[in-house]
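In: kindly generate the corresponding structure for this input.
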Amino acid sequence: MSQKIFLIGLPGAGKTTMGLDLAVHLGVQFVDLDQDIEKANKLAIKEIFEQKGEAHFRQLEKLHLEKVLDELEDFVMATGGGTPCFFNNMETMQNAGTIIYVNTPIEEIHQRLEKDTTRPLMQSNTLENLLDKRKEWYNQADHTIQKYKDLISLF
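Out: Okay, here's the model as predicted:
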């Protein structure tokens, strides 16, 4: 049986770090959706937003999500913070595998991101604002965790 695991949550929640560790633990490939998009487009996410806008980025995000689903049987994916909130991405992920919401406390994320200027939506939003807009999607996840030990206990 194939194993497709999607980690969703706010920017800075730890999706990439936890996802890498989980993929090693499970012996499957790790995919960072944002890194995948950057590599394919030879541009940083911030540059894609600046040059082509968020709508273009969201199209790329949907295409890359579908591409990974077509090409890989087993994986752990760290999605972008907004991935579940656009198009039918949440439904696509629900139909393909298991979704885990990494619900890291906002105070902890603030500490991680205080010097990070690479996240485009963080220039014009607060974490609280993003969470407020996105929680209806995040709350549709199959599981909600805060720490890696919670994640690993699911598998």
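
In: which strands or helices does the longest helix belonging to the chain pack on?
Out: For the chain, the helix with the greatest residue count under DSSP state H is helix 45-71. Contacts defined by 3 or more C-beta pairs under 8 Å, 6 or more residues apart in numbering; DSSP states H and E place helix 45-71 against helix 33-41, helix 89-96. No exception for glycine: its C-beta is placed from N, CA and C like everyone else's.

In: which is the succeeding secondary structure element to it?
Out: strand 75-78 (DSSP states H and E).

In: gap between the lowest-mean-pLDDT helix or strand in the chain and the chain center?
Out: Between all helices and strands in the chain, the lowest mean by mean pLDDT, DSSP states H and E belongs to helix 106-113, at a mean of 89. Put simply, helix 106-113 sits 17 Å off its chain's centre (C-alpha atoms, centre = their mean, to the nearest Å).

In: now do the residue nearest to the spatial centre of the chain against residue 60, distance only.
Out: Most central in the chain under C-alpha atoms, centre = their mean is residue 79, positioned 2.0 Å from the mean C-alpha point. Residue 79 sits 13 Å away from residue 60 when distances are taken as C-beta to C-beta, to the nearest Å.

In: then residue 82?
Out: Using C-beta to C-beta, residue 82 is found at 12 Å from residue 60.

In: ditto for residue 69
Out: From residue 69 to residue 60 the distance is 15 Å (C-beta to C-beta).

In: and what of residue 127?
Out: 24 Å.

In: with residue 138 instead?
Out: 21 Å.
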